[in-house]
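Colleague: sequence and predicted structure, then a few things I'm wondering about:
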Amino acid sequence: MTTVGVSMVPTALRPVLAIALGAVAGAVSRYYLEMGVSHIVVTTLPLGTLVVNLTGCGAMGLAATLCFAPQLQVHPEIRLLLLTGFMGAYTTFSSYELDSERLGAAQRWGLFFVYWAGSGILGWLCLELGSRLAGRLIRPKIDHHEP
């Protein structure tokens, strides 16, 4: 039996592979946590998503602090696997909160507010615009088939 070692993966593909492996684990974790919460607690509140976002923020705080601690010297590809791959697929809300925290820690309050509020408000507006665009694209096809 032959084992494929990291050294056998071309250098240019290592970051992509790290992100992809982390993303698979993050997406599957998100799915099972949301399904588990929905199975345990039946509510109209999207509680599974809320739990994912909150646990994702905690996990992002823990992982980012550890990954960027100089004394730990975490390899860049491990950081990509955890922070970009896993956390990106698990929840992008955690990245939003990490970016907000970094702007706040740097006392860049104007940028902090624009990013923090803009992400929520503009994100909602973009969701609405995308939904309305999809409705316009679909509506003519639906109307065409109706008697």
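Modeller: That came through fine.
Colleague: burial count for residue 105?
Modeller: Residue 105 has 9 neighbours, counted by other CB atoms under 10 Å. All C-beta atoms are positioned from the backbone trio N, CA, C, and that covers glycine.
Colleague: OK, contacts around residue 109?
Modeller: residue 103 (CB atoms under 8 Å, 6 or more residues apart in numbering).
Colleague: check what pLDDT it gets.
Modeller: Listed pLDDT for residue 109 reads 94.
Colleague: now do the one 4 residues further on
Modeller: The predicted local confidence for residue 113 comes out at a pLDDT of 92.
Colleague: three-state assignment of it?
Modeller: Following DSSP: H, G, I helix; E, B strand; the rest coil, residue 113 is assigned to helix.
Colleague: tell me, how many residues neighbour it?
Modeller: 13.
Colleague: repeat that for the one 4 residues further on.
Modeller: Neighbour count of residue 117, defined by other CB under 10 Å: 11.
Colleague: any buried residues in the helix or strand hosting it, and which?
Modeller: For residue 117, the host element (DSSP states H and E) is helix 109-145. Neighbour counts over helix 109-145 (16 or more other CB atoms under 10 Å) mark 112, 115, 116, 119 as buried.
Colleague: centre-most residue in the chain?
Modeller: By CA atoms, centre = their mean, the mean C-alpha position of the chain lies nearest to residue 92, the distance being 2.4 Å.
Colleague: and the pLDDT for it?
Modeller: 80.
Colleague: what is the helix or strand harbouring residue 58 packed up against?
Modeller: Using DSSP H and E, residue 58 sits in helix 47-67. Helix 47-67 sits against helix 14-40, helix 87-90, helix 93-105, with contacts defined as 3 or more CB pairs under 8 Å, 6 or more residues apart in numbering; DSSP states H and E.
Colleague: average pLDDT for stretch 130-137?
Modeller: Stretch 130-137 shows a mean pLDDT of 86.
Colleague: next one: phi and psi at the residue nearest to the centre of the chain?
Modeller: The phi and psi values for residue 92, taken as degrees, to the nearest 10, are phi -80, psi -10.
Colleague: give me the below-cutoff pLDDT ranges for this structure.
Modeller: 1-6, 140-147 (pLDDT under 70).
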